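Colleague: mind looking at a prediction? Sequence and model below.
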Amino acid sequence: MSVTLKPRPSVAGSRILGYGAARGDLEVPNDDIVGPIDSSDEWIRQRTGIISRRRASADISVQDLALEASREAITASGLEGSDIDVVIVSTVSFPYATPSLAAWLGAQIGRPDAVAYDISAACAGFCYGIGQADALVRSGTARNVLVVGAEKLSDFISPTDRSISFLLGDGAGAAVVSVSDTPMIGPTIWGSNGENWDTIRMTGSLLDFRDGKCPWPTMEQDGRTVFRWAVWHTADIVRQALDEAGLTVDDIDVFVPHQANMRIVDELVKQLKLPESVVVARDIAQTGNTSAASIPLATHRLLSEGQAKSGDVCVQIGFGAGLVYAGQVVILP
């Protein structure tokens, strides 16, 4: 017997309605952390562009940061929490393997029956989430999707690590993706380079920690490999995202790369030959590298400070552990 399934309604496009942000409550300048890594404020500024980073007090959890950012994003979107159909959270620092942070978050915003799941795509996680939200909305599966990047990376750093720990900060950024009569989120260009899977890694597994084979696992990276990969590979992803959206570099108003390192940001600007008129996010100088939260936090800052405005064409690109990457063009709300 052959049957025909009922077709599902679809919509022309999706758009971001609003952003929300939450940064760690503590400002941690370079001078506060240089001792254990035998470094200096000048060295950190020259190599990373970081002046200070934001970290959360011991009594503030990654859940707290996610909830604060989510509530602001929902309010900025003109919605209620009950309007959210799907909650997607990208995080690598939620301290529970299960249940998901997204399920808890759905209940806190007033939608305990929402579709809810976490994704682990590190610094590309927010763009992964936007790509999924766009697909869900355009397919008619959801109308309003909350996408959150939330990290408390200070729980997973070693004060003596010179490879990555001095870069890292805490925070959460959120955005609400909803239906649109015209496409305002371009196709997502994403993937991974699994041959470099362990270039950014933990120093051990939780099983090793349980069995006494290693101390509490913290983050580390092969900085030179990551730098080379990011500056050469990421520019091509941006070009592909523009091409798939039917645009060129001259159409860009705002560029928001993952806030990994100011030298990477500057090199990408050169590689892409961005016009001087393009506003480039440099939130890393005050916030540090917040992994999945960095892109929405940087975008939120640009909008809040008036450097970017509604209707601007923004290219966002994330890249990180895996090595995974994702990017797309969005029209700012």
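Modeller: Thanks, I have the structure now. Numbers count the residues shown, from 1 in each chain.
Colleague: quick check: next helix or strand after the longest helix belonging to the chain?
Modeller: Secondary structure of the chain per DSSP state H: the longest helix is helix 223-244. Scanning forward in sequence from helix 223-244 by DSSP states H and E, the next helix or strand is strand 254-257.
Colleague: what are the contacting residues of that next one?
Modeller: Outside strand 254-257, the residues that touch it by Cβ atoms under 8 Å, 6 or more residues apart in numbering are 234, 264-265, 268-269, 272, 274, 278-281, 295, 298-299, 302, 308, 312-318, 332. For the C-beta atoms, the positions are set from N, CA and C on the backbone; glycine is no exception.
Colleague: relative to residue 322, how far out is residue 197?
Modeller: Distance, residue 197 to residue 322, using Cβ to Cβ, to the nearest Å: 6 Å.
Colleague: and if you look at residue 86?
Modeller: In terms of Cβ to Cβ, residue 86 sits 23 Å off from residue 322.
Colleague: does residue 114 touch residue 106 like I think?
Modeller: Yes. The criterion here is Cβ atoms under 8 Å, and residue 114 meets it with residue 106 at 3.9 Å.
Colleague: mutual contacts of the two, please.
Modeller: What both residue 114 and residue 106 touch, as defined by Cβ under 8 Å, 6+ apart, is the set 84, 87.
Colleague: CA atoms only for stretch 153-168, dumped as PDB, please.
Modeller: Extracted as PDB, the C-alpha positions of stretch 153-168 are listed here (Å, rounded to 0.1, in the frame of the first residue of the first chain):
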ATOM      1  CA  LEU A 153      35.000  28.700  31.000                       C
ATOM      2  CA  SER A 154      36.700  29.800  34.200                       C
ATOM      3  CA  ASP A 155      35.600  26.500  35.700                       C
ATOM      4  CA  PHE A 156      37.800  24.700  33.200                       C
ATOM      5  CA  ILE A 157      41.100  26.700  33.200                       C
ATOM      6  CA  SER A 158      44.500  26.200  34.700                       C
ATOM      7  CA  PRO A 159      46.000  29.400  36.000                       C
ATOM      8  CA  THR A 160      49.400  28.200  34.800                       C
ATOM      9  CA  ASP A 161      48.400  27.300  31.200                       C
ATOM     10  CA  ARG A 162      50.000  29.600  28.700                       C
ATOM     11  CA  SER A 163      48.200  28.200  25.600                       C
ATOM     12  CA  ILE A 164      44.600  29.300  26.100                       C
ATOM     13  CA  SER A 165      43.500  29.800  29.700                       C
ATOM     14  CA  PHE A 166      44.500  33.500  29.900                       C
ATOM     15  CA  LEU A 167      42.200  34.100  26.900                       C
ATOM     16  CA  LEU A 168      39.000  32.800  28.400                       C
END
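Colleague: what residues of that stretch count as buried?
Modeller: Under the neighbour-count criterion of 16 or more other Cβ atoms under 10 Å, stretch 153-168 has 153-158, 161, 163-168 buried.
Colleague: so which of these is the closest to residue 207?
Modeller: residue 156 (16.1 Å; Cβ to Cβ).
Colleague: please, where are all the strands along the protein?
Modeller: For the chain, applying DSSP state E gives strands covering 13-23, 26-29, 52-55, 86-90, 115-119, 144-152, 170-180, 189-192, 200-202, 219-221, 254-257, 279-280, 313-320, 324-331.
Colleague: of those, which stretch is the most buried?
Modeller: Stretch with highest mean neighbour count among those: strand 144-152 (a mean of 31; mean count of other Cβ atoms under 10 Å).
Colleague: any idea how far the closest residue to residue 289 other than its chain neighbours is from residue 117?
Modeller: In this structure, residue 289 finds its nearest non-sequential neighbour in residue 167, 4.4 Å apart by Cβ to Cβ, 6 or more residues apart in numbering. Counting by Cβ to Cβ, the gap from residue 167 to residue 117 is 28 Å.
Colleague: now do residue 9
Modeller: For residue 9, the distance to residue 117 - Cβ to Cβ - is 23 Å.
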